[in-house]
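K.L.:
Output the structure for:
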Amino acid sequence: MKSVLVIGTGTIGEPLIGLLSRMRQEIGIRNVFFHKRTPLKEEYAKVESLISQDANLVVDSDCQEAFLALGHKPSAVYEDALALCDVIIDCTPAGNIAKEKHYLPLSLRSEKKKVFIAQGSEKGFGVPYGYMLNDEILSEQPDYIQVVSCNTHAIARLCSVLGKNNNFISGDFVCIRRANDPSQDNGFVASPTVGKHDDDEFGTHHARDVYDLLKTTCGEKYLNLTSSALKTNTQYMHSIRFAITLERTLTLEEVISMMHHDKMIALTHHKSSNRVFSFGRDHGFYGRIYNQVVINQPSIAVFHEGKRTKVMGFAFTPQDGNSLLSSVAAAAAAVLPNRSSEQLFEPLDKLLRNYI
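P.N.:
Numbering: from 1, shown residues only. Below is the predicted model:
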(Lines give C-alpha, C1' and ligand atoms only; values in the text may rest on other atoms or scores of the structure.)
Protein backbone atom coordinates (compact mmCIF):
# COMPACT_ATOMS: atom_id res chain seq x y z
CA MET A 1 0.00 0.00 0.00
CA LYS A 2 1.15 3.52 -0.77
CA SER A 3 0.91 6.86 1.03
CA VAL A 4 -0.45 10.20 -0.21
CA LEU A 5 0.68 13.73 0.67
CA VAL A 6 -1.66 16.68 0.11
CA ILE A 7 0.02 20.09 -0.09
CA GLY A 8 -2.21 22.90 1.18
CA THR A 9 -5.33 23.13 3.35
CA GLY A 10 -7.35 25.69 1.40
CA THR A 11 -10.52 25.47 -0.67
CA ILE A 12 -9.38 22.31 -2.48
CA GLY A 13 -6.88 20.89 -0.03
CA GLU A 14 -9.05 20.76 3.10
CA PRO A 15 -11.95 18.70 1.68
CA LEU A 16 -9.53 16.54 -0.34
CA ILE A 17 -7.65 15.59 2.84
CA GLY A 18 -10.97 14.68 4.44
CA LEU A 19 -12.11 12.66 1.43
CA LEU A 20 -8.89 10.69 1.17
CA SER A 21 -8.80 10.04 4.92
CA ARG A 22 -12.37 8.79 5.11
CA MET A 23 -12.06 6.69 1.94
CA ARG A 24 -8.52 5.52 2.69
CA GLN A 25 -9.33 1.83 3.14
CA GLU A 26 -11.72 1.69 0.16
CA ILE A 27 -9.15 3.27 -2.13
CA GLY A 28 -6.20 1.29 -0.77
CA ILE A 29 -4.12 4.11 0.76
CA ARG A 30 -1.75 3.32 3.63
CA ASN A 31 -1.48 6.82 5.12
CA VAL A 32 -2.68 10.33 4.30
CA PHE A 33 -0.32 13.21 5.09
CA PHE A 34 -1.08 16.92 4.68
CA HIS A 35 1.30 19.87 4.61
CA LYS A 36 0.37 23.07 6.43
CA ARG A 37 2.80 25.87 5.69
CA THR A 38 1.76 28.59 8.16
CA PRO A 39 0.78 28.09 11.84
CA LEU A 40 -2.36 30.15 12.49
CA LYS A 41 -4.48 30.39 15.63
CA GLU A 42 -7.65 30.86 13.60
CA GLU A 43 -7.04 27.58 11.77
CA TYR A 44 -6.28 25.49 14.86
CA ALA A 45 -9.70 23.82 14.81
CA LYS A 46 -9.42 22.94 11.11
CA VAL A 47 -6.02 21.32 11.49
CA GLU A 48 -7.08 19.33 14.58
CA SER A 49 -10.25 18.18 12.79
CA LEU A 50 -8.16 16.80 9.93
CA ILE A 51 -5.83 15.08 12.38
CA SER A 52 -8.84 13.50 14.12
CA GLN A 53 -9.72 11.88 10.77
CA ASP A 54 -6.36 10.03 10.79
CA ALA A 55 -4.57 12.51 8.55
CA ASN A 56 -0.96 13.21 9.50
CA LEU A 57 0.23 16.80 9.86
CA VAL A 58 3.40 17.76 7.98
CA VAL A 59 5.17 21.08 8.59
CA ASP A 60 8.33 22.84 7.48
CA SER A 61 11.32 22.07 9.68
CA ASP A 62 11.74 25.69 10.74
CA CYS A 63 8.07 25.93 11.83
CA GLN A 64 7.89 22.90 14.13
CA GLU A 65 8.17 24.91 17.34
CA ALA A 66 5.45 27.34 16.26
CA PHE A 67 3.04 24.49 15.51
CA LEU A 68 3.86 22.82 18.83
CA ALA A 69 3.21 26.12 20.62
CA LEU A 70 -0.30 26.17 19.14
CA GLY A 71 -0.92 22.67 20.49
CA HIS A 72 -0.46 20.69 17.27
CA LYS A 73 1.63 17.52 17.06
CA PRO A 74 3.28 17.28 13.63
CA SER A 75 3.95 13.77 12.34
CA ALA A 76 6.75 14.67 9.93
CA VAL A 77 8.66 17.50 8.30
CA TYR A 78 8.07 18.44 4.68
CA GLU A 79 11.26 17.00 3.18
CA ASP A 80 10.77 13.63 4.89
CA ALA A 81 7.12 13.39 3.85
CA LEU A 82 8.02 14.17 0.23
CA ALA A 83 10.55 11.35 0.23
CA LEU A 84 8.18 8.92 1.98
CA CYS A 85 4.96 9.44 0.00
CA ASP A 86 4.22 7.89 -3.38
CA VAL A 87 1.54 10.36 -4.51
CA ILE A 88 1.85 14.12 -3.95
CA ILE A 89 -1.22 16.26 -4.63
CA ASP A 90 -0.44 19.97 -4.78
CA CYS A 91 -3.51 22.08 -3.97
CA THR A 92 -1.76 25.45 -3.94
CA PRO A 93 -1.55 28.14 -6.65
CA ALA A 94 2.20 27.49 -6.86
CA GLY A 95 2.23 23.95 -8.22
CA ASN A 96 4.39 24.78 -11.23
CA ILE A 97 6.91 26.59 -9.02
CA ALA A 98 7.06 23.62 -6.66
CA LYS A 99 7.48 21.29 -9.63
CA GLU A 100 10.68 23.03 -10.70
CA LYS A 101 11.98 23.57 -7.17
CA HIS A 102 11.06 20.31 -5.45
CA TYR A 103 9.25 17.69 -7.54
CA LEU A 104 11.54 17.33 -10.56
CA PRO A 105 14.73 17.08 -8.45
CA LEU A 106 12.98 14.59 -6.15
CA SER A 107 11.94 12.42 -9.11
CA LEU A 108 15.53 12.28 -10.36
CA ARG A 109 16.98 11.09 -7.06
CA SER A 110 14.12 8.85 -5.90
CA GLU A 111 14.40 5.13 -6.51
CA LYS A 112 10.62 4.58 -6.50
CA LYS A 113 8.05 5.99 -8.88
CA LYS A 114 6.18 9.03 -7.65
CA VAL A 115 3.08 10.63 -9.11
CA PHE A 116 2.52 14.38 -8.78
CA ILE A 117 -0.94 15.93 -9.18
CA ALA A 118 -1.79 19.64 -9.36
CA GLN A 119 -5.00 21.59 -9.77
CA GLY A 120 -6.65 23.52 -12.59
CA SER A 121 -4.79 26.81 -12.19
CA GLU A 122 -1.46 25.09 -12.87
CA LYS A 123 -1.58 24.94 -16.65
CA GLY A 124 1.26 22.90 -18.08
CA PHE A 125 2.00 21.01 -14.87
CA GLY A 126 1.18 17.67 -16.50
CA VAL A 127 -1.32 15.87 -18.69
CA PRO A 128 -4.81 17.36 -18.13
CA TYR A 129 -7.27 14.96 -16.51
CA GLY A 130 -10.98 14.78 -15.66
CA TYR A 131 -12.74 11.77 -14.17
CA MET A 132 -14.74 9.80 -16.78
CA LEU A 133 -13.61 12.27 -19.45
CA ASN A 134 -10.17 10.92 -20.38
CA ASP A 135 -9.53 8.03 -18.00
CA GLU A 136 -7.41 6.44 -20.71
CA ILE A 137 -4.47 8.60 -19.70
CA LEU A 138 -4.37 6.98 -16.24
CA SER A 139 -3.49 3.61 -17.78
CA GLU A 140 -0.34 5.24 -19.15
CA GLN A 141 0.73 6.00 -15.55
CA PRO A 142 1.95 9.58 -16.12
CA ASP A 143 4.28 11.12 -13.53
CA TYR A 144 2.60 14.55 -13.68
CA ILE A 145 -1.16 15.15 -13.86
CA GLN A 146 -3.11 18.39 -13.90
CA VAL A 147 -6.68 17.98 -12.65
CA VAL A 148 -8.65 20.50 -14.71
CA SER A 149 -10.79 23.27 -13.22
CA CYS A 150 -14.42 22.95 -12.16
CA ASN A 151 -15.75 24.86 -15.20
CA THR A 152 -13.54 22.79 -17.52
CA HIS A 153 -15.14 19.63 -16.08
CA ALA A 154 -18.63 21.04 -16.58
CA ILE A 155 -18.17 22.26 -20.16
CA ALA A 156 -16.30 19.11 -21.19
CA ARG A 157 -19.12 16.94 -19.86
CA LEU A 158 -21.70 18.95 -21.84
CA CYS A 159 -19.62 18.51 -25.00
CA SER A 160 -18.98 14.81 -24.50
CA VAL A 161 -22.55 13.78 -23.69
CA LEU A 162 -24.06 15.67 -26.63
CA GLY A 163 -21.17 15.20 -29.05
CA LYS A 164 -21.15 11.41 -29.10
CA ASN A 165 -20.70 9.54 -32.38
CA ASN A 166 -18.67 12.39 -33.92
CA ASN A 167 -21.72 14.62 -34.32
CA PHE A 168 -20.18 17.66 -32.62
CA ILE A 169 -19.93 20.81 -34.77
CA SER A 170 -19.43 23.73 -32.37
CA GLY A 171 -19.98 24.94 -28.84
CA ASP A 172 -20.25 28.40 -27.32
CA PHE A 173 -20.25 28.96 -23.57
CA VAL A 174 -20.68 31.91 -21.21
CA CYS A 175 -19.12 31.23 -17.81
CA ILE A 176 -21.03 33.24 -15.21
CA ARG A 177 -18.57 32.90 -12.36
CA ARG A 178 -19.08 33.37 -8.65
CA ALA A 179 -16.82 35.94 -7.00
CA ASN A 180 -15.07 33.75 -4.42
CA ASP A 181 -15.51 30.69 -2.25
CA PRO A 182 -17.54 31.02 0.98
CA SER A 183 -14.36 30.13 2.89
CA GLN A 184 -12.43 33.05 1.35
CA ASP A 185 -12.34 36.66 2.57
CA ASN A 186 -10.76 38.20 -0.54
CA GLY A 187 -11.80 38.47 -4.16
CA PHE A 188 -15.43 39.54 -3.85
CA VAL A 189 -16.83 42.01 -6.41
CA ALA A 190 -19.44 44.71 -5.93
CA SER A 191 -21.35 43.99 -9.14
CA PRO A 192 -21.23 41.80 -12.28
CA THR A 193 -17.82 42.33 -13.88
CA VAL A 194 -17.09 41.24 -17.46
CA GLY A 195 -13.86 39.64 -18.61
CA LYS A 196 -11.76 40.11 -21.74
CA HIS A 197 -11.66 37.84 -24.78
CA ASP A 198 -7.90 37.47 -24.58
CA ASP A 199 -7.58 34.22 -26.53
CA ASP A 200 -7.59 34.82 -30.29
CA GLU A 201 -8.79 31.29 -31.06
CA PHE A 202 -11.10 30.35 -28.18
CA GLY A 203 -12.21 33.66 -26.64
CA THR A 204 -11.18 32.86 -23.06
CA HIS A 205 -9.06 30.13 -21.51
CA HIS A 206 -12.17 28.14 -20.50
CA ALA A 207 -12.82 26.83 -24.02
CA ARG A 208 -9.10 26.30 -24.65
CA ASP A 209 -8.79 24.25 -21.44
CA VAL A 210 -11.71 22.04 -22.53
CA TYR A 211 -10.10 21.52 -25.93
CA ASP A 212 -6.75 20.63 -24.36
CA LEU A 213 -8.46 18.10 -22.09
CA LEU A 214 -10.59 16.40 -24.74
CA LYS A 215 -7.76 16.42 -27.27
CA THR A 216 -6.02 13.76 -25.16
CA THR A 217 -8.77 11.29 -26.05
CA CYS A 218 -10.74 12.73 -29.01
CA GLY A 219 -8.08 14.38 -31.15
CA GLU A 220 -9.16 17.58 -32.91
CA LYS A 221 -12.89 16.86 -32.63
CA TYR A 222 -13.64 19.72 -30.23
CA LEU A 223 -11.52 22.42 -31.84
CA ASN A 224 -14.52 24.66 -32.62
CA LEU A 225 -15.15 25.93 -29.09
CA THR A 226 -15.56 29.51 -27.88
CA SER A 227 -16.17 30.98 -24.45
CA SER A 228 -16.79 34.23 -22.59
CA ALA A 229 -16.65 34.95 -18.87
CA LEU A 230 -17.91 37.36 -16.26
CA LYS A 231 -17.78 37.43 -12.48
CA THR A 232 -20.91 38.04 -10.40
CA ASN A 233 -21.37 39.22 -6.83
CA THR A 234 -22.30 35.86 -5.30
CA GLN A 235 -20.41 33.18 -3.39
CA TYR A 236 -22.65 30.26 -4.30
CA MET A 237 -21.87 28.62 -7.64
CA HIS A 238 -20.65 29.25 -11.16
CA SER A 239 -23.32 29.10 -13.87
CA ILE A 240 -22.89 28.33 -17.56
CA ARG A 241 -25.02 29.29 -20.53
CA PHE A 242 -24.31 26.74 -23.27
CA ALA A 243 -25.11 26.51 -26.98
CA ILE A 244 -23.93 23.34 -28.73
CA THR A 245 -24.56 22.57 -32.41
CA LEU A 246 -24.68 18.94 -33.58
CA GLU A 247 -24.72 17.26 -36.98
CA ARG A 248 -27.82 15.22 -36.17
CA THR A 249 -31.52 15.69 -35.47
CA LEU A 250 -32.47 15.43 -31.82
CA THR A 251 -35.73 16.11 -30.01
CA LEU A 252 -35.91 17.79 -26.62
CA GLU A 253 -36.93 14.46 -25.08
CA GLU A 254 -33.89 12.73 -26.58
CA VAL A 255 -31.54 15.41 -25.27
CA ILE A 256 -32.96 15.14 -21.75
CA SER A 257 -32.74 11.35 -21.91
CA MET A 258 -29.06 11.51 -22.89
CA MET A 259 -28.35 13.77 -19.95
CA HIS A 260 -30.42 11.68 -17.56
CA HIS A 261 -28.48 8.52 -18.40
CA ASP A 262 -25.05 10.13 -17.95
CA LYS A 263 -24.02 9.47 -14.34
CA MET A 264 -21.73 12.51 -14.28
CA ILE A 265 -24.69 14.82 -14.94
CA ALA A 266 -27.34 15.78 -12.41
CA LEU A 267 -30.60 17.33 -13.55
CA THR A 268 -32.54 19.83 -11.48
CA HIS A 269 -35.65 21.96 -11.60
CA HIS A 270 -34.09 24.52 -9.25
CA LYS A 271 -33.63 27.83 -11.05
CA SER A 272 -31.31 29.51 -8.56
CA SER A 273 -27.77 28.59 -7.62
CA ASN A 274 -28.45 29.05 -3.91
CA ARG A 275 -31.00 26.21 -3.96
CA VAL A 276 -28.56 23.87 -5.70
CA PHE A 277 -25.71 24.94 -3.43
CA SER A 278 -27.90 24.36 -0.38
CA PHE A 279 -28.67 20.81 -1.50
CA GLY A 280 -24.96 20.03 -1.67
CA ARG A 281 -24.35 21.59 1.73
CA ASP A 282 -27.16 19.62 3.36
CA HIS A 283 -26.92 16.26 1.57
CA GLY A 284 -23.49 15.96 -0.06
CA PHE A 285 -20.45 14.19 1.38
CA TYR A 286 -18.33 16.97 2.87
CA GLY A 287 -21.08 19.37 1.77
CA ARG A 288 -20.26 18.99 -1.93
CA ILE A 289 -21.93 17.93 -5.17
CA TYR A 290 -19.56 15.63 -7.06
CA ASN A 291 -21.32 15.40 -10.43
CA GLN A 292 -19.47 17.35 -13.08
CA VAL A 293 -22.40 19.57 -13.99
CA VAL A 294 -25.94 20.26 -12.76
CA ILE A 295 -28.27 21.14 -15.64
CA ASN A 296 -31.47 23.10 -15.17
CA GLN A 297 -33.90 20.91 -17.10
CA PRO A 298 -36.58 23.57 -17.85
CA SER A 299 -33.95 25.78 -19.49
CA ILE A 300 -32.99 23.19 -22.12
CA ALA A 301 -34.15 24.08 -25.63
CA VAL A 302 -33.50 22.62 -29.08
CA PHE A 303 -33.51 24.45 -32.42
CA HIS A 304 -33.31 22.74 -35.79
CA GLU A 305 -31.43 24.01 -38.84
CA GLY A 306 -31.96 21.38 -41.50
CA LYS A 307 -30.44 18.18 -40.11
CA ARG A 308 -28.51 20.11 -37.50
CA THR A 309 -29.62 20.62 -33.90
CA LYS A 310 -28.60 23.45 -31.60
CA VAL A 311 -28.99 22.62 -27.89
CA MET A 312 -29.15 25.59 -25.52
CA GLY A 313 -29.63 25.92 -21.79
CA PHE A 314 -28.21 26.83 -18.41
CA ALA A 315 -26.20 24.73 -16.00
CA PHE A 316 -24.55 25.07 -12.62
CA THR A 317 -20.95 24.07 -11.89
CA PRO A 318 -20.58 22.11 -8.62
CA GLN A 319 -17.58 24.24 -7.70
CA ASP A 320 -14.66 22.17 -6.49
CA GLY A 321 -16.70 18.95 -6.10
CA ASN A 322 -15.96 17.71 -9.61
CA SER A 323 -12.27 18.58 -9.30
CA LEU A 324 -12.09 16.81 -5.93
CA LEU A 325 -13.53 13.65 -7.43
CA SER A 326 -10.97 13.71 -10.24
CA SER A 327 -8.15 14.26 -7.74
CA VAL A 328 -9.28 11.22 -5.74
CA ALA A 329 -9.58 9.15 -8.94
CA ALA A 330 -6.08 10.14 -10.09
CA ALA A 331 -4.68 9.31 -6.65
CA ALA A 332 -6.48 5.96 -6.56
CA ALA A 333 -5.09 5.04 -9.98
CA ALA A 334 -1.58 5.93 -8.83
CA VAL A 335 -1.88 3.97 -5.59
CA LEU A 336 -3.06 0.74 -7.26
CA PRO A 337 -2.43 1.09 -11.01
CA ASN A 338 -3.33 -2.51 -11.84
CA ARG A 339 -6.94 -2.32 -10.68
CA SER A 340 -9.75 -2.54 -13.20
CA SER A 341 -11.83 0.57 -13.92
CA GLU A 342 -14.74 -0.94 -11.99
CA GLN A 343 -12.59 -1.55 -8.92
CA LEU A 344 -10.95 1.85 -9.22
CA PHE A 345 -14.08 3.95 -9.49
CA GLU A 346 -16.66 1.98 -7.49
CA PRO A 347 -15.97 3.89 -4.23
CA LEU A 348 -16.38 7.19 -6.09
CA ASP A 349 -19.65 6.48 -7.88
CA LYS A 350 -21.60 6.41 -4.62
CA LEU A 351 -20.90 10.16 -4.30
CA LEU A 352 -22.86 10.93 -7.50
CA ARG A 353 -26.52 11.93 -7.77
CA ASN A 354 -28.91 11.65 -10.67
CA TYR A 355 -31.22 14.46 -9.61
CA ILE A 356 -30.96 17.54 -7.36
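
K.L.:
May I have the residues that are in contact with Thr11?
P.N.:
Contacts for Thr11 were tallied using CB atoms under 8 Å, 6 or more residues apart in numbering; they are 181, 183-184, 320. Placement of C-beta: from N, CA and C, glycine included.

K.L.:
out of those, who has the most neighbours?
P.N.:
For the contacts of Thr11, counting by other CB atoms under 10 Å, the largest number of neighbours falls to Asp320: 26 neighbours.

K.L.:
List the single closest residue to that residue in space, sequence neighbours excluded.
P.N.:
Here the nearest residue to Asp320 in space, its sequence neighbours aside, is Ile12; by CB to CB, 6 or more residues apart in numbering that works out to 5.4 Å.

K.L.:
picking up where we left off before, between the contacts of Thr11, which is closest to Leu252?
P.N.:
Asp320 (31.4 Å; CB to CB).

K.L.:
how far away is that closest one from Arg241?
P.N.:
Distance check for Asp320 against Arg241: by CB to CB, to the nearest Å, it reads 21 Å.

K.L.:
Ok, Lys112 next?
P.N.:
Noted for Lys112: a distance of 47 Å to Arg241, by CB to CB.

K.L.:
cool, and Tyr44?
P.N.:
Distance of Tyr44 to Arg241, computed by CB to CB: 42 Å.

K.L.:
Am I right that Asn56 falls within a strand?
P.N.:
Yes. Assigned with DSSP: H, G, I helix; E, B strand; the rest coil, Asn56 falls within a strand.

K.L.:
Helices along this structure, start to end?
P.N.:
13-22, 24-27, 44-52, 64-70, 78-84, 95-98, 104-109, 150-162, 205-218, 252-260, 273-283, 321-335, 341-349 (DSSP state H).

K.L.:
hang on, the earlier thing: okay, Lys112 and Arg241: which has more neighbours?
P.N.:
Relative neighbour count places Arg241 above the other of Lys112 and Arg241, with 15 against 7, counting by other CB under 10 Å.

K.L.:
Burial check on the nearest residue to that one once chain neighbours are set aside, number of neighbours?
P.N.:
Take Arg241 and drop its neighbours on the chain: the residue closest to it by CB to CB, 6+ apart is Val174, 4.3 Å away. Here the count is done by other CB under 10 Å, and Val174 has 19 residues near it.

K.L.:
what's across from Val174 in the sheet?
P.N.:
Note on Val174: beta-bridge partners by DSSP bridges are Ser228, Arg241.

K.L.:
pLDDT weak spots in the stretch 251-356 of the chain?
P.N.:
When residues are selected by pLDDT under 70, none of them lie in the stretch 251-356 of the chain.

K.L.:
do that again at 80, thanks
P.N.:
Judged by pLDDT under 80, the stretch 251-356 of the chain has its weakly predicted residues at 338-345.

K.L.:
same deal with the stretch 51-200 of the chain?
P.N.:
Low-confidence segments of the stretch 51-200 of the chain, defined by pLDDT under 80, span residues 165-166.

K.L.:
can we see that at 90?
P.N.:
In the predicted model of the stretch 51-200 of the chain, residues 107-112, 120-121, 139, 164-166, 179-187 satisfy pLDDT under 90.

K.L.:
any idea how far Val47 is from Ala69?
P.N.:
As defined by CB to CB, Val47 lies at a distance of 13 Å from Ala69.

K.L.:
ugh, typo on my part, it should be Lys271
P.N.:
Per CB to CB, Lys271 is found 50 Å from Ala69.

K.L.:
Got the domain ranges for this structure?
P.N.:
2-148+323-339, 150-320 (automatic domain parsing).

K.L.:
Please convert these to a markdown table, extending it with distance to Tyr355.
P.N.:
Formatted as a markdown table, the domains of the chain follow (distance: least, CB to CB, whole Å):
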| stretch | distance to Tyr355 |
| --- | --- |
| domain 2-148+323-339 | 18 |
| domain 150-320 | 6 |
